[in-house]
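Student: Let's see this in three dimensions:
(2 chains)
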Protein chains: 2
Amino acid sequence: MTGPSQEYSSGSLKPFFYPHAIALVGATREETGIGHRILESLQNGGFTGSVIPVNPHATEIAGLRTFPSLRDIPSPVDLAIIAVPAGLALSIIDDCAAKQIPAAIVITAGFAETGDIGTSLEEQLRERVHRYGIRLIGPNCFGLMNLDPAIRLNATYTPIIPPAGRVALASESGGLGLAVVTAAQRLNLGVSSFVSVGNHVDVTVNDLLEYWEQDPNTDVILLYLETIVDPQRFRRIAERVARNKPVVVLKAGLTDAGQSAAGSHTAALATNDKAVDALFAQCGVIRAKTLEEFLALATGLSSQPRPQGKRIGILTNSGGPGVLCADSCAAEGLSVPELSERTRSALASFLPSMAALRNPVDVIGFATEEQHAQAVETMLTSDELDALIIVHVSVRPGDNPPVAAGIIKGIRAARQVGHKQPVHLCWMAEGDLDRSFIVDGETIPTYRHPEIPARILNLALAYDAWRQQPCGQVPTYSDIDLVAAKEIYTKALTDRGAGWLTTQETHALLAAMKIPLIPGGIATTAEDAVKLAQKIGFPVAVKLASHQIVHKTEMGGVQLNLADDHAVRDAFNRIRARLEQAGQLEAMEGVLVQPMLSGGVEVMVGMTRDPLFGPVIAFGLGGIHVEILGDLQFRVAPLTDRDASDMVKAIKGYRLLTGYRGQQAVDLKAIEDALLRISHLAEAIPEISELDLNPIFALPEGHGCRIVDARIRIEPSRHTV
Amino acid sequence: MTGPSQEYSSGSLKPFFYPHAIALVGATREETGIGHRILESLQNGGFTGSVIPVNPHATEIAGLRTFPSLRDIPSPVDLAIIAVPAGLALSIIDDCAAKQIPAAIVITAGFAETGDIGTSLEEQLRERVHRYGIRLIGPNCFGLMNLDPAIRLNATYTPIIPPAGRVALASESGGLGLAVVTAAQRLNLGVSSFVSVGNHVDVTVNDLLEYWEQDPNTDVILLYLETIVDPQRFRRIAERVARNKPVVVLKAGLTDAGQSAAGSHTAALATNDKAVDALFAQCGVIRAKTLEEFLALATGLSSQPRPQGKRIGILTNSGGPGVLCADSCAAEGLSVPELSERTRSALASFLPSMAALRNPVDVIGFATEEQHAQAVETMLTSDELDALIIVHVSVRPGDNPPVAAGIIKGIRAARQVGHKQPVHLCWMAEGDLDRSFIVDGETIPTYRHPEIPARILNLALAYDAWRQQPCGQVPTYSDIDLVAAKEIYTKALTDRGAGWLTTQETHALLAAMKIPLIPGGIATTAEDAVKLAQKIGFPVAVKLASHQIVHKTEMGGVQLNLADDHAVRDAFNRIRARLEQAGQLEAMEGVLVQPMLSGGVEVMVGMTRDPLFGPVIAFGLGGIHVEILGDLQFRVAPLTDRDASDMVKAIKGYRLLTGYRGQQAVDLKAIEDALLRISHLAEAIPEISELDLNPIFALPEGHGCRIVDARIRIEPSRHTV
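Tutor: Numbers count the residues shown, from 1 in each chain, chains lettered A, B, ... in the order given. Modelled structure (predicted):
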């Protein structure tokens, strides 16, 4: 398994991207050998540095002087590419150290992805590079490309090189990376650099994010991930990077089958998809749902400005596809506003009489080059639209070149007078599907289906909305008594070991955190219960107090709306009798006696500890909303104030909290405060493995909230506070 | 607007598909003319019948003898294709009648899609063809194709002809139809026939469904729709057809923007998307969400058998895309089961040592033709999988031909020994993306992204599950008193006109339908309320009775849990005072006094009347589940018993009805009965424009349900009962 990498500066990655001299260990003349293919790629790609093959059985390969081992090379080497059988990798790393090579890429497979022996080998590899201070990419990877014309480095085994551009890609799957870089040519997607991280024993996606953050050639960062290495570090870095450069992630291994497949493939830990979603939402990462969306985001975000608003113009030569495009805009929350009388008149002055002018504008199937050009220009310069989507269906193959020329002409004319809105193109022209649209160096992203552009535009808008909000802050609390809290769980762990806290302990712990409990208390006899009820005031609720019995309602342990002494006594005795009958009397710590609250809304806050992500905080409405309808929001701790506010607003039932049907709005600040304190508690006390405050009674604004029922589970932790 | 078409037999469409002699009115030598292009298509497509150009200014066009008008043609003509300006269309139809031509296709645009004058012209066109008994396709359409080798008819203006096959397509958008038929070549999608229905003044999609139901060349029917013409007829026909042939619909115009665009495009009525979804669910229609899915369903359903179960095998040469495919299977509810020890051993015997064998099976990037062939054959013949998805990423262009050959070889070997599971292929091979995979005449559907095949397989499974269930029945009721019901609303309409029924009327109407109301009654004085409460037994609820005031809770009109005489009197007086204060006392019909029920679950039943679909019935849990969470199911009336049962099961909160947390299950049969009676009521009494039973208290099994609150709105209807 992958641990956090050592502390290096991002400058330590420079030899991977800008090596002066590469030694290729495992270079061979055998055409099917990986070493051979990489050598071919380096040479054909036009690498501007020098390449030194290493092979004990040759003195010359592909016209290059070849050395038997790294140690024999007389000149300095700053990058070793290793394509030898896995069993030889460790000794080659020793050679790297001896030769003072600062960086190595291990292409070779046969490590943790293959089982126990491979895992052991991988551990040794990690230990060795960390000991030597060598930066290492791989093993089990596909290599690296840097398309900067100053270096022209293709250190992979595909001969297909994408156009140079401003998108960086890191992939945990070589095949997926390959699929993207080879598609880049067709999509006219400009790539700055590509790294296949393989089993990431040293260099991780986190390191690459930091490198690309500083890389002047990179504007957009794409990541294909099957796990998240060191999620807290990912969050910190990604949030910072995403403030300046969009980070787009395609995360696979969401489901059991996918995880199992990802497991066999990159030896990654299975990850909880809800935590992944939460983490991405918290740090502004744009999540692609499918490979198609990933590619479309790459082209859409790198080659076009992001829209400044939601007003989308649609220009089409065909009704149906225009309607599908308009539907997709509305589904994404974008608007397709009717054009002004002025703009419609302008369009009418040159379009055929059959054209539809409202938006979508349908120029009809036989519109000419000039009509397309004028329509594009008119819409882009109308000042009524934040983006333009063009949808073209080819009627006859011969129509495509003039229509394409018209579109480019129209965009150019609008650009020349300063109209820079994004333009996306759905080009449904069989036989001519892969046509490139480039306007004075600007690529117009081109898709095959009319539903995709709206999705890209909306994700771009959501990303900008995230950027425009200030960063959240993790609040600090001066009123919390962590010492008291620690005493409680330490004693419980010592006395009973791992398990649920008693009701008394739970209440004391929450009180130490200043998380407000409902008034009332615990009674161990019927008469004590009656006394408590009198003190609280009728009606009251009487509930079984037990840390062992979880489903209290099902066994009659919750008695509500008790109006007098008699009812309370009766309730106590019934609960006691029921437990006795079930032979569980020793599980009864007593009963909770609580006032019946009214005028509020039940909500819940939960916390579980994910093995990879650490504490994950949940929020939802209480009762069936969580259990049956699953209307929950998750965020990874520590929560910022913004996270807490976002997650409350994001549940479907939010309207119920803001004053529904003449009710008062509830105290949202108090709910957010409870969320933030639970996050703080989870961070401060790793021994708390699970926590469930359900229900919490959220009272009207200004009156706070009250925890009605709470459960806290503790386990010994490997970490100390 | 389009009305129901006249009654014709589906044989009346035969001249469109199998004409002996076509007259092309508007044939011209001008290359840009539509008439010219259609003539070219007819000739180049190899039409086996005769083509007779009609043009008053020529005696010969494209080598064919040309007549000045239809009336001048000496020989019989059974299909006229009309491509003349809209203003001439009516007189050409007169000529068709004079010449006794039974069928015409009007290509010409300029009808209802263009505004008022066009709409009037279209009405005249409809009236005229109905009067003459001429069947007409269009106007404003793209034409028709029949690819039966016996006829080879391309009567459209695209020269691109799809391969002949077993998929029929009707499209309400010419452009969308064009996009599909031109893509068919690349997708190797075999088409039987294609009809662009245009403004469907006579021949509608419903007629075509009936034609293709009988067509021996058609196995799968595709429809692109922007509206549903005569939904009740569509439902009847589609349900019958879908029992034998899959009907796949891409329905656009879902959203305001889309509807507006669809409106400008085909002059269609805007349709309610929820009603569309309900209708499709009721009649087994497979709904494609996007154009991409529409095309994938076409290839997937026409060229492959449907899976017999959910066990999916994935064979890949690349980890990441395999993981994405596995994720998509799980997201669709399919399983990717681990393979048996036996199968894994078999795979291990010929695959490279680095291969992953669990499923997804990863043969790794350098697997050979023979390894691919054996892996495909081993998986298909394992008897452990109901379908196979192959995901290939091209590492080097040269690898593609041998891998493709291996895949075909493996499938062939499995087919030869009787293994017929569906095989879908994700072929991510840049530069070779459009390769065809045909195994002894069987097309293997090929996609570009690994997430699509799972969706297609799941839709195919859901379709078969629908087919395997028996047809639902619309029940009849002998205990309903429609005469009494009619008296109530007739009197109300006469007395007050359109509006809400009073509480008394509402109760009487529901009683006539034998829909069970909660016991209790209406009181107009405080003392009457007390008397009623005593009769019912305390505690009771007292609620404002008013057909004018809708939001009763908000104005304090609902008082619950009243324990004694005093509380009831007090409640009455408070409600009265509140209304008086608001100056709305005259809106108070009295108060409802009802028992407080316990031990059940609140649900709701609603009915609205869609202008196009007629009564649409809604079901959900009561309260915020409907209003805030939107957990509602819709079906179009008349409901069958199966519809009622399906919609109850389909809400997210269904678990709450089947015994949640130790509660008893509620009386589902009683809920279904209420739904069916409301459907019956809505069908029988078109004057009921809206109905809302909310809440209905669903009692434990065997105890029925009780309507607690009900509202019924009536309006004069154009239809009589």
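Student: Spit out the contact partners of the spatially most central residue of chain A.
Tutor: Of all residues in chain A, the one closest to the mean position by C-alpha atoms, centre = their mean is A:Phe280, 3.2 Å from it. By C-beta atoms under 8 Å, 6 or more residues apart in numbering or on different chains, the residues touching A:Phe280 are A:249, A:251, A:286-287. Heads up, the C-betas are built off the backbone N, CA and C, glycines and all.
Student: And A:Glu30, how far from A:Asn55?
Tutor: 11 Å (C-beta to C-beta, to the nearest Å).
Student: Over to A:Cys329?
Tutor: 58 Å.
Student: Who has more neighbours out of those two?
Tutor: The neighbour comparison of A:Cys329 against A:Asn55 (other C-beta atoms under 10 Å in any protein chain shown) goes to A:Cys329, with 31 against 20.
Student: most neighbours, which of the contacts of A:Phe280?
Tutor: Busiest of the contacts of A:Phe280 [other C-beta under 10 Å] is A:Lys251, holding 25 neighbours.
Student: for that residue, phi and psi?
Tutor: Backbone torsions of A:Lys251, given as degrees, to the nearest 10, read phi -110, psi 120.
Student: now A:Glu122
Tutor: phi -70, psi -40.
Student: And for A:Met607?
Tutor: Note on A:Met607: backbone dihedrals following degrees, to the nearest 10 are phi -140, psi 130.
Student: Would you agree it is in contact with A:Gly614?
Tutor: No. A:Met607 sits out of contact with A:Gly614 when judged by C-beta atoms under 8 Å, with a separation of 10.2 Å.
Student: who in the stretch 501-650 of chain A is up against chain B?
Tutor: On the criterion C-beta under 8 Å from any C-beta of the partner chain, chain B has as its neighbours in the stretch 501-650 of chain A the residues A:551, A:553-555, A:624-625, A:628-631.
Student: out of these, which is most surrounded?
Tutor: A:His625 (24 neighbours).
Student: Contacts for the helix or strand it falls within, please.
Tutor: Assigned by DSSP states H and E, A:His625 falls within helix A:624-627. For helix A:624-627, contacts defined as C-beta under 8 Å, 6+ apart pick out A:604, A:618, A:620, A:631-632, A:653, A:694, B:629, B:653, B:656, B:660.
Student: now stretch A:542-549
Tutor: Outside stretch A:542-549, the residues within contact range by C-beta under 8 Å, 6+ apart are A:499-506, A:522, A:529, A:533, A:552, A:555, A:557-559, A:562, A:568, A:571-572, A:575, A:579, A:584, A:587-594, A:709, A:711.
Student: Could I get the CA-only coordinates of that stretch as CSV?
Tutor: Coordinates of each C-alpha in stretch A:542-549 appear next as CSV, following Å, rounded to 0.1, in the frame of the first residue of the first chain:
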residue,chain,number,x,y,z
VAL,A,542,-39.3,8.4,28.5
LYS,A,543,-36.7,6.4,26.6
LEU,A,544,-34.6,3.4,27.3
ALA,A,545,-31.0,4.4,28.1
SER,A,546,-28.6,1.7,26.9
HIS,A,547,-25.4,1.6,25.0
GLN,A,548,-25.9,-2.0,24.0
ILE,A,549,-29.4,-1.9,22.6
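Student: buried residues in that stretch?
Tutor: A:542-547, A:549 (16 or more other C-beta atoms under 10 Å in any protein chain shown).
Student: Also stretch A:202-219?
Tutor: A:202-213, A:215, A:217-219.
Student: Now go through those and say which are in helices.
Tutor: A:205-213 (DSSP state H).
Student: now the end-to-end length of stretch A:63-76.
Tutor: 20 Å (C-alpha to C-alpha, to the nearest Å).
Student: hmm, who's touching that stretch?
Tutor: A:20-21, A:23, A:25, A:27, A:39, A:50-56, A:58-60, A:77, A:80, A:92, A:95-96, A:98-101.
Student: mind listing what whichever residue of the stretch 1-150 of chain A sits closest to chain B touches?
Tutor: For the stretch 1-150 of chain A and chain B, the shortest gap (C-beta to the nearest C-beta) falls at A:Ala109, measuring 5.5 Å. A:Ala109 is in contact with A:86, A:139-140, B:354, B:364, counting by C-beta under 8 Å, 6+ apart.
Student: hmm, try it at 6 Å
Tutor: Residues near A:Ala109 by C-beta atoms under 6 Å, 6 or more residues apart in numbering or on different chains: A:140, B:354.
Student: Can you tell me which of the contacts of helix A:624-627 is nearest B:Val376?
Tutor: Ranked by distance to B:Val376 (C-beta to C-beta), the contacts of helix A:624-627 are led by A:Leu632 at 42.5 Å.
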